[in-house]
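Engineer: Here you go, sequence then predicted model.
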Amino acid sequence: MLEIAEKKAKEYHRNAEWVKADASNFTLNKKFGLAVSTFDSLNLLQDLDALNRCFQCVSNHLVDNGVFIFDINTKAGIATNNNVSITENDDFTVIAKGYFDGINDRGYLKFSGFYKVENNLFEKFEHYASNTVFAIEDIENLLVKANFQDIRYYKLLGTHMEPIDDPESSFKVAIYAKK
């Protein structure tokens, strides 16, 4: 995935550095003013301990007053993946099967399908993912523990966001955390 991202972004960000690492255990030996995590990536962490380590690592790599922005699926959002969906066009077919385990607060996804390769042939693929539900209260406590002080929640609405008082009521939440 990083190779694809690097190729696509090359003409826009010639000085970008791409790092493959464990989000809960990384050292980059430099500090930044902004850290961003997208596409609900933090839901892929296995548990609160891993999320805590991630927040600590991010905090260690931010300058004073640095900002961490990320999005996360709430329990309400992960629970909606308890279904089957199919996406297809001339180049690929993707079947997504989701299951929500409300007892263990985990969502499981299986992606399978076909994508076009050379000579109008198609290649099969399968990919599995699990998403951990993290309560907003736990997220906030871990952010505070990692020295973030100004924490704000936003509801994602297509291409814009609006502040939200009850983030658990939204399917997906963007979180702004400033040291």
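Structural biologist: Nice, I can see it.
Engineer: got a list of contacts for stretch 29-46?
Structural biologist: The contact list for stretch 29-46 (C-beta atoms under 8 Å, 6 or more residues apart in numbering) reads 23-24, 51, 54, 58, 61-63, 65-73, 78, 107, 129-134, 172. Yep, even glycine has a C-beta here, placed from its N, CA and C like the rest.
Engineer: Need the nearest residue in space to residue 173, chain neighbours excluded.
Structural biologist: residue 167 (4.4 Å; C-beta to C-beta, 6 or more residues apart in numbering).
Engineer: Which neighbouring elements make contact with the helix or strand residue 141 falls within?
Structural biologist: In this structure, residue 141 sits in helix 136-145 according to DSSP states H and E. Secondary structure elements in contact with helix 136-145, counted by 3 or more C-beta pairs under 8 Å, 6 or more residues apart in numbering; DSSP states H and E, are helix 48-60, strand 150-157, strand 172-178.
Engineer: which ones are touching residue 136?
Structural biologist: 74, 153, 167, 168, 173.
Engineer: Residue 9 too?
Structural biologist: Residue 9 touches residue 16, counting by C-beta under 8 Å, 6+ apart.
Engineer: Which of the three states applies to the residue of the chain positioned farthest from its centre?
Structural biologist: Computed with C-alpha atoms, centre = their mean, the residue of the chain farthest from its C-alpha average is residue 119, at 35.1 Å. With DSSP: H, G, I helix; E, B strand; the rest coil as the basis, residue 119 sits in helix.
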